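okay, sequence plus prediction incoming.
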Amino acid sequence: MFLNAVVLVLQEILEAALILSLLLAFVRYLNLASGERVLSRRNWVVTSIIAGVFLAWIFSNNFSRISNSFDYVGLEITNASIHSASCFLLVLFAWLFPVKRSVAHLNHRSLGLIFCMVVVVTLAILREGSEIMQFGGGILGQGQAGLPIFYGGVVGAGIGVSTGVLLYYALTGLSIENSLKACVLLLSLTAGNMASQAILLLNQADWLPFTPTAWDSSGLLSESSVLGQLAYALIGYEATPSIMQVSAYLLGLFFVIISPISRLAWSTWHDEASQI
Amino acid sequence: MKSIRLFLATSIVSLLTLFNFVAAVQGYQSSMREADALFDNQMLDLALLVSNLDVSDERLRSMQLGEDLAFQIWQNDKLLAASANAPVQALHQFSEGYDYANFSSYRWRTLAKYDRSHEKWVFIAERTDLRFVLAENVVLQSVAPLLLGIPLVGILVWFFVSKGLAPLQKLSFALKSKPANDLLPIDFGDSILELDQVIASINGFVARLESAMNREKSFSADAAHELRTPISALKIQLHNFAGTVDAKGDAYNELQQGIDRMQHLIEQLLALYRSSPDQFDAKGKSVNLLDLAQDVVARLYPEFEKKDQQISLESEVEREKEALTIHGEFFALETLLTNLLVNASRYTPNGGQILVALSRKHDNVILSVEDDGVGIAPDDRERIFDRFTRLSGNQEVTVPGCGLGLAIVRHVADLHGASVKVSSSRFGHGTAFIVEFPSEKIVNHGMRDERVGDA
């Protein structure tokens, strides 16, 4: 019971914490690179957390209604939509990211960037929060027997949040150029992960046909281990992905990689600045 | 990184949490495996015990080992004895070892043991759910302190990080509270390895700054002072020269104006250096701004009259003169008002209006000088307080001045903890200089309170 709770809560918290850390690192980069505090951190983070928790509460209260819709695959369809929207917004974020070192250029795009970040974080919290709320509701009904589950939840949340914090410090501790490279790499992997998850959910809902498994690496790294969960949250690791999932993953990756932000990350900022 | 304390505390607590919790999960997994092996060994002991039971004893048939345990004794495919909660069929294959089985609506861990001496099969079954709960409860007893300890660790880390950063905070406070004219080295008391170099560098900078300022101070003061004498001599000579020959032409006037301007510049330079915070060491006393304004206006009246300008003095609280009293240095304040009024007169055309107004806002006393002159563009309003700054409007060129007057105003205001704002005047065009003094308070670097000294 304890271990199940650890894995479940860790998976949910880790995903949301990593997305938040990644976007916070991007904001820090933007503010440093433009030399001004163009994007205020507190406002959009607080807005998205409040919105996410509120939506998660609504979602978990209407859990059965959502599950029963679309011929009892409503949950899969809703989650697939959330994943697709997140993937799209991450790609849009990559395309909107300012490549010129000018405050005016950034100001011009800041509204779009903030919109993408707020919605992505809100959706992450909605997705993960609603599952944790369901889970928490389950423990409350169990009384003393729920103690191992509670401990498991605390351990999962602790590992998830501390990994997010350490990832943020790791990203922001790098030099500004390397930090951007690492952020772009994680952004593309997260977008790929979202696309792959959306396909898996649509497969489960029978809206998409199943395709053969591309590989089986469960012997090498099990998805249910703590390391497997970390790899899942960081790079979207799956032990037995289908061919369609792998294709969607690569497509998400591709769209971020061909975006201007990648060109910026792999050229130096100075080259771009000299073109202005 | 915004705060070193926050960074250190969150990263240390995060690292501790991550390693502790991952260790807790690993510990849980290995302890559960150990507990499983322990339970299996207990089952084996129980099997040996059961194999020694007398199967002919009738009581054995209704024997109950507890709800979580069951047994069967078989011989030649015949059930010799079983606990009351055991099924009628064999609960394990007839081969030695451990396995799982489902009966009586539960999942059971099963063991088969062959007793060679009695040629009997002993089957033992134990409910997995109860055995798991028991094992988990035992294991979690060792995991729980790790979890509950984290908030306490967090508080302790915060405390120790704060304690570690305290010398840095002390240094920052010492630097912040150092008056602008205090160029003494910082004495930090205890030697701290990480801060010694920083303090030594700051003290080195301060010492170099002090010697540079001393050089600049003596140069400016000496130069201005030394120039005063030849200029006074020059003025006398010019006066004498005017008496001896008929020298009232343009050349004479320009020469006289040039000498006047030079004298004014030197006076202003001296005033500027005397009023700079590092120089200023005046005794503060109560100064009534209404009295001061009346004196200055009266003294400058001929200037306004020359240009046919209308000067007025307005006070909201004339009956309560005390309300317009501030604590400050009389001569510095006189220079401030003189400079503002001379400035207003210069940039106001002949026949224009100049207004000096005094009022109170909350605890503060506000002195404003307004004119209906050319005005100052909003973009230039901060720049005019820089030394030697003269705006490049057409009129500027024709108006005499050295660009130091408003710099002196800013210095004097700063010395009194006052703010100077520039805005449009109430006349529709022209400028308003608004100086807001904290009432009867000294917010200043270096100004000593006479009353405190007297006490």
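Now that the structure is in, tell me what you want to look at.

just the CA atoms of stretch A:236-256, as CSV, please.
The C-alpha atoms that make up stretch A:236-256 are tabulated as CSV, following Å, rounded to 0.1, in the frame of the first residue of the first chain:
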residue,chain,number,x,y,z
GLY,A,236,8.6,10.6,-20.8
TYR,A,237,10.2,7.1,-20.4
GLU,A,238,8.0,4.2,-21.1
ALA,A,239,9.1,0.6,-21.0
THR,A,240,6.7,-0.6,-23.7
PRO,A,241,5.7,2.2,-26.0
SER,A,242,3.7,1.6,-29.1
ILE,A,243,5.0,2.6,-32.5
MET,A,244,2.3,5.4,-32.7
GLN,A,245,3.4,6.7,-29.3
VAL,A,246,7.0,6.8,-30.4
SER,A,247,6.0,8.7,-33.6
ALA,A,248,4.0,11.2,-31.6
TYR,A,249,6.9,11.7,-29.2
LEU,A,250,9.3,12.4,-32.0
LEU,A,251,6.8,14.8,-33.7
GLY,A,252,6.5,16.8,-30.5
LEU,A,253,10.3,16.8,-30.1
PHE,A,254,10.7,17.8,-33.8
PHE,A,255,8.4,20.9,-33.6
VAL,A,256,10.3,22.2,-30.6
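
centre of the chain to it, how far?
Chain-centre distance of stretch A:236-256: 15 Å, with Cα atoms, centre = their mean, to the nearest Å.

and the pLDDT at residue 31?
Since no chain was named, I'll use chain A. We have a pLDDT of 76 for residue A:31.

please go with chain B instead
Reported pLDDT for residue B:31: 90.

host element of it?
If you go by DSSP states H and E, residue B:31 is part of helix B:4-51.

would you mark the buried spots in the next helix or strand after that helix?
Heading C-terminal from helix B:4-51, the first helix or strand you meet, by DSSP H and E, is strand B:69-75. Within strand B:69-75, the residues that count as buried by 16 or more other Cβ atoms under 10 Å in any protein chain shown are B:69, B:70, B:71, B:72, B:73, B:74. In short, each C-beta sits where N, CA and C put it, glycine included.

format the residues you listed as JSON lines; extra columns: pLDDT and distance to chain A.
Output for the buried residues of strand B:69-75, formatted as JSON lines (pLDDT from 0 to 100; distance: Cβ to the nearest Cβ, whole Å):
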{"residue": "B:69", "pLDDT": "89", "distance to chain A": "21"}
{"residue": "B:70", "pLDDT": "90", "distance to chain A": "23"}
{"residue": "B:71", "pLDDT": "89", "distance to chain A": "28"}
{"residue": "B:72", "pLDDT": "89", "distance to chain A": "30"}
{"residue": "B:73", "pLDDT": "89", "distance to chain A": "34"}
{"residue": "B:74", "pLDDT": "90", "distance to chain A": "35"}
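
where does the nearest residue to residue B:202 once chain neighbours are set aside sit: helix, strand or coil?
Closest residue to residue B:202 apart from its sequence neighbours, by Cβ to Cβ, 6 or more residues apart in numbering or on different chains: residue B:186 at 6.1 Å. Following DSSP: H, G, I helix; E, B strand; the rest coil, we place residue B:186 in the coil state.

what's in contact with stretch A:44-60?
For stretch A:44-60, the external contacting residues (Cβ atoms under 8 Å, 6 or more residues apart in numbering or on different chains) are A:16, A:20, A:24, A:66, A:114, A:117-119, A:121-130, A:132-134, A:137.

can you list the domains in chain B?
B:4-148, B:179-279, B:282-454 (automatic domain parsing).

including distance to residue A:226, could those domains go into TSV?
What follows is these, written out as TSV (distance: least, Cβ to Cβ, whole Å):
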stretch	distance to residue A:226
domain B:4-148	6
domain B:179-279	37
domain B:282-454	59
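
closest to residue A:253 out of those?
domain B:4-148 (27.7 Å; Cβ to Cβ).

report the contact partners of residue A:112.
Residue A:112 touches A:92, A:96, counting by Cβ under 8 Å, 6+ apart.

ditto for residue B:256
residue B:238.

sticking with it, tell me its helix or strand.
Following DSSP H and E, one finds residue B:256 within helix B:250-275.

returning to what we had before: of the contacts of stretch A:44-60, which belong to helices?
Judged by DSSP state H, the contacts of stretch A:44-60 include A:16, A:20, A:24, A:66, A:114, A:117-119, A:121-130, A:132-134, A:137 as members of helices.

show me the shaky parts of chain B.
For chain B, applying pLDDT under 70 flags the ranges B:1, B:61-62, B:180-181, B:245-248, B:276-283, B:317-321, B:391-401, B:439-455.

most proximal residue of the stretch 1-150 of chain B with respect to chain A?
Closest approach between the stretch 1-150 of chain B and chain A, counting by Cβ to the nearest Cβ: residue B:14, at 3.7 Å.

just to revisit the earlier point, restrict the ones in helices among the contacts of stretch A:44-60 to contacts with chain B.
The subset of the ones in helices among the contacts of stretch A:44-60 within reach of chain B, by Cβ under 8 Å from any Cβ of the partner chain, is empty.

which residue, other than its chain neighbours, is closest to the residue of the stretch 1-150 of chain B closest to chain A?
Counting by Cβ to Cβ, 6+ apart, the residue nearest residue B:14 is residue A:162, at 3.7 Å.

can you get me a residue count around residue 266?
All of this refers to chain A. Counted with other Cβ atoms under 10 Å in any protein chain shown, residues neighbouring residue A:266 total 12.

nope, chain B
18.

how near is it to residue B:71?
116 Å (Cβ to Cβ, to the nearest Å).

got it, and residue A:122?
From residue A:122 to residue B:71 the distance is 58 Å (Cβ to Cβ).

which SS state does residue B:178 fall under?
Residue B:178 falls in the coil class when you classify it by three-state DSSP.
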